[in-house]
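Participant: structure of the sequence below:
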Amino acid sequence: MQQPPKTSPSLPTVRRRWWLAGVVALVLAAVVGFFVLRSPPSQAARVVAVADGDTATALVAGERVKIRLWGIDAPESSQEHGGEAKAALAELVMGREVEIDDRGDDKYGRRLAVLRVAGESVNTRMVQLGWAWWYQRYAPRDRELRAAEEAARQGKVGLWAEAAPVAPWVFRHRGRP
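Facilitator: Residues are numbered from 1 along each chain as shown. Next up is the predicted model:
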C-alpha cells in the first residue's frame, strides 16, 4: 500500500496557528499582569501610635497614616477587653518597623492593611492571642485567620476565656452603655 505524499500546511493554516498562539499569549500576559498589578508591594513604616486593638498610626515616607488591620475586629476601647486588645497590639508593633500590605481604604479614610513584623502577620497574631475576632464579613476566605480564631477559642485564650464574649459589631449595634 502506498502512502499519500506528505504535504506541508498551507500558508493560511500556518498564519491561523500563529495568530491563535499570539492571542493565547496575549490573554495569559493580561491575566498575569492583572494579578501582579492588583497586589501592590508592601511598604516599610514605623508605628508611632496605637488607637485600639485593630487601629494604629504609622509613619510612611514621613507621612502619618492611620491603619485599620484588615480581616480582624478587636473589642472597642469602651468595651470589655478593649484595653487588653490595645495593649497587645501596642506590644506587637509600637515603635517597630512594620511592612504594610495595603488592601485599600475603608469608608473612614483609614488604610486597610495586613501589618507584618519580621514577616509575621500582626493581624493573625492578634487573633491567635485571643484579642481580636476573625472578621468573616470582610475576609470570608482567609484560612489563616479562621484557623487562628479556632485555636484561640479552643485554647480559651484572651477574650475566649469568657463563656460568651461580645463581638465588637454586636457591641456597636447595641450601643454603648
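
Participant: for V48, helix, strand, or coil?
Facilitator: strand (DSSP: H, G, I helix; E, B strand; the rest coil).

Participant: can you tell me how far V166 is from V23?
Facilitator: Computed as Cβ to Cβ, to the nearest Å, the V166 to V23 distance reads 56 Å. Bear in mind the C-beta positions are built from the backbone N, C-alpha and C, glycine included.

Participant: who's more crowded, those two?
Facilitator: V166 (15 against 10; other Cβ atoms under 10 Å).

Participant: ok, the more buried one touching Q79?
Facilitator: Yes: the pair V166 / Q79 is scored as a contact, 7.0 Å apart, by Cβ atoms under 8 Å.

Participant: sticking with V114, tell me its helix or strand.
Facilitator: strand 111-117 (DSSP states H and E).

Participant: and the next element down the chain from that strand?
Facilitator: strand 120-121.

Participant: give me the residues contacting that next one.
Facilitator: Outside strand 120-121, the residues that touch it by Cβ atoms under 8 Å, 6 or more residues apart in numbering are V114, L115, E144.

Participant: again, only this time at 6 Å
Facilitator: With contact meaning Cβ atoms under 6 Å, 6 or more residues apart in numbering, strand 120-121 is reached by V114.

Participant: right, and the helix or strand after that strand?
Facilitator: As assigned by DSSP H and E, the chain's next helix or strand after strand 120-121 is helix 122-128.

Participant: moving C-terminal of that next one, what's the next helix or strand?
Facilitator: Next along from helix 122-128, by DSSP H and E: strand 133-134.
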